[in-house]
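J.: below is the sequence, then the predicted model.
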Amino acid sequence: MSEYQQQIEILIIDDEEIICESLSDFLQKMGHSVQCCNCAEEAIEITKNKEFDVIFIDIRLPKMDGITLLKKFNNLPFNPSIIIITGHGTMEIAIQALRLGASDFLKKPIKFHDLEAALERSLRLLQFSHEKIRLKATIDAICARSISDLIIGESKAIIELRENIKLAANSKVKNIIILGETGTGKEVAARALHNLSYGNLSPFFALNCPAIPESLMESELFGHHKGAFTGAVSDRIGAFELANGGTLFLDEISDLNLNTQAKLLRVLETRSFRRVGSSRERNVDVSVIAASNSNLIKLMEKGKFRSDLYFRLNIFHIEIPPLRERKADIIPLANHFLINFCKSKKINVKLSSKAKEKLYNYHFPGNVRELKNIIERAIILSNGSNILKEHIIILSENNEKISCNIKHSSLHKEGEAILDVLKKNRWNRIKSAKELNISYEKLRWLIKKYNLTI
C-alpha cells in the first residue's frame with residue numbers, strides 16, 4: 001500500500017450496480033471505507049451528513065448528470081478529491097470536468113491498476129491541500145501576533161521603531177531603507193513590516209548582497225535565460241520573481257557595484273525587468289526593503305553609491321540604534337532568547353541578578369546577535385541550572401585577541417593590514433576575506449573593531 005493510501009472515506013456514485021460493487025470490493029480490500037449510491041439526488045443527501053475524502057462520479061447519471069453534480073459539489077463544506085468516471089467518446093466532457101475542479105478521471109471499462117493510480121494521484125493532491133490549509137493557519141497565526149512579540153524591547157527607540165513599522169505598513173509604501181549596525185535586527189524589522197503589510201501567504205525573500213559574487217549578482221536578482229552564460233544550463237528565477245506579490249529584502253545593499261545599482265534603479269522605477277540573456281519584459285509587484293550598516297550619504301559623496309538609487313529607495317526611512325544606546329532592551333531581549341532556547345531544550349532556566357547586571361554593563365559591539373549567542377552559550381554552561389554571572393562569557397573580555405592568520409604581531413598593524421587588503425580589492429569583502437584566510441563574518445567584525453572605512 002502506498003504511503004498516501006491511508007484509510008479514507010470514499011463515495012461512489014454510479015447507476016450501474018456492477019460498477020459500484022466491483023469498485024467497492026477493490027477499495028475495501030485496500031483498507032478504505034466505501035459507500036455507494038445510484039443517483040445524484042441521493043449523493044447530495046448523503047454529503048449533507050457525512051464528509052468524504054474522495055468521491056467517484058459517473059458522468060452519465062439519471063435525472064442530474066455528473067457535470068451538474070460536480071458543480072454542486074464545489075460548494076461542499078469539505079473539500080474532497082473528485083474522480084470522474086467516463087464512457088467511450090466522452091473525452092471532451094472529461095476535460096470539462098477537470099476544468100471544473102475534478103482531480104482525475106477514469107475511462108470505462110475501469111482497470112484496477114488505473115483505479116489505484118488515479119486514487120493515489122487524488123490523495124497526493126488531497127494531502128497537498130491539507131498541508132496548504134495547515135500552513136496558512138500557521139502563517140496567519142504568526143502574522144496575527146502583536147508587533148511587540150516580534151520587536152522586543154522597552155526603550156524609547158524600540159517603541160518608536162514599532163510605531164514607524166506600523167506607519168510604513170499602513171501607508172503601503174513600496175520602497176524602504178533600514179539602517180543600523182550589524183546585528184541590530186534589520187531583517188527582523190523587515191519581516192515584522194512584511195507581516196503587518198501582507199499578513200498572508202505572500203512571499204518574503206531575503207538576499208544577502210555581500211555573499212553573492214559580483215559576476216552572479218544580476219542572475220540572483222533578475223534570473224537568467226538558458227544559455228545566457230557558461231553554466232546557465234536552464235532557466236532560473238531570480239529574487240524579484242521569487243518575491244513577487246510580497247517583499248524582497250536586500251541586506252547590505254551598499255555592497256552592490258554601480259552597474260548593478262543602475263539596473264536595480266530601473267526595476268524600482270518601472271517594476272519590470274528582463275532575465276539575463278532574455279528579451280522578455282517581466283512585471284512584478286514587490287515591496288523592496290533595503291538594509292545597510294554603512295553611511296549611505298558618505299558613500300554617495302564618495303561616488304560609491306548612486307544618489308538616484310538612494311532617493312528612490314528612501315521613500316520611508318527606518319533606523320535601528322545599536323544595543324549599547326538602548327540599555328533598557330538588554331534584559332527583555334535576554335529573557336526572550338532564554339525562553340525560546342529553554343522551550344527547544346525543554347528546560348526551565350532563569351537569569352540571576354548578577355548575570356543580568358553583567359549583561360547590562362556590557363557594551364555589545366555585536367549588538368542583538370551577540371546577546372543571543374551569549375545567552376545560548378550560558379545555557380550550555382549552566383547545564384540546566386539557573387544562569388550565574390560566571391556563565392556569561394564575553395569573548396572580548398581580558399582583551400582577547402582574535403586570530404585572523406595575518407602575519408603582523410600588533411593589533412594596530414593587524415588593522416592596517418586588513419585595510420590594505422580591502423583597498424587592493426576595492427572593498428570587495430568576500431574576496432578580501434578569502435585572501436586573508438578568514439570567514440566573511442570575522443572580516444566584518446574586524447572592520448567594525450578597527451573602525452575601518454572607505
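T.: Here it is on my side, so go on. Since we're looking at a predicted model, the values are computed, not measured. Numbers count the residues shown, from 1 in each chain.
J.: quick one: secondary structure of the residue lying closest to residue 419 once chain neighbours are set aside?
T.: Spatial nearest neighbour of residue 419, excluding adjacent residues (C-beta to C-beta, 6 or more residues apart in numbering): residue 452 at 5.2 Å. In short, each C-beta sits where N, CA and C put it, glycine included. Assigned by DSSP: H, G, I helix; E, B strand; the rest coil, the conformation of residue 452 is coil.
J.: my read: residue 452 touches residue 420, true?
T.: No: taking contacts as C-beta atoms under 8 Å, residue 452 lies outside contact range of residue 420: 10.4 Å.
J.: neighbour-wise, which of those two wins?
T.: Using other C-beta atoms under 10 Å as the criterion, residue 452 and residue 420 rank with residue 452 on top: 16 against 11.
J.: pLDDT below threshold where in this structure?
T.: 1-6, 88-90, 135-146, 199-201, 395-412, 454 (pLDDT under 70).
J.: let's see that with 50 instead.
T.: 1-5, 144, 397-407, 409-411 (pLDDT under 50).
J.: could you pull out the strands in it for me?
T.: 9-13, 33-37, 54-58, 81-86, 104-107, 175-179, 204-208, 247-251, 272-273, 282-283, 287-292, 316-319 (DSSP state E).
J.: so what strands line up beside the fifth one?
T.: Meaning strand 104-107. Take DSSP bridges as the rule and strand 104-107 pairs in its sheet with strand 81-86 (parallel).
J.: next: the last one.
T.: Take DSSP bridges as the rule and strand 316-319 pairs in its sheet with strand 175-179 (parallel).
J.: identify the bridge partners of the spatially most central residue of the chain.
T.: Nearest residue to the geometric centre of the chain (C-alpha atoms, centre = their mean): residue 204, 5.1 Å. Note on residue 204: beta-bridge partners by DSSP bridges are residue 247.
J.: list the contacts for it?
T.: For residue 204, the contact set (C-beta atoms under 8 Å, 6 or more residues apart in numbering) comprises 190-191, 194, 243, 246-247, 249.
J.: from these, which two are the most distant?
T.: 191 and 243 (12.8 Å; C-beta to C-beta).
J.: who has more neighbours out of those two?
T.: Using other C-beta under 10 Å, the more surrounded residue of residue 191 and residue 243 is residue 243, with 24 against 19.
J.: who's in contact with that one?
T.: So residue 243 contacts 203-205, 284, 286 (C-beta under 8 Å, 6+ apart).
J.: from these, which would you call buried?
T.: 204-205, 284, 286 (16 or more other C-beta atoms under 10 Å).
J.: distance check, residue 247 against residue 303.
T.: 30 Å (C-beta to C-beta, to the nearest Å).
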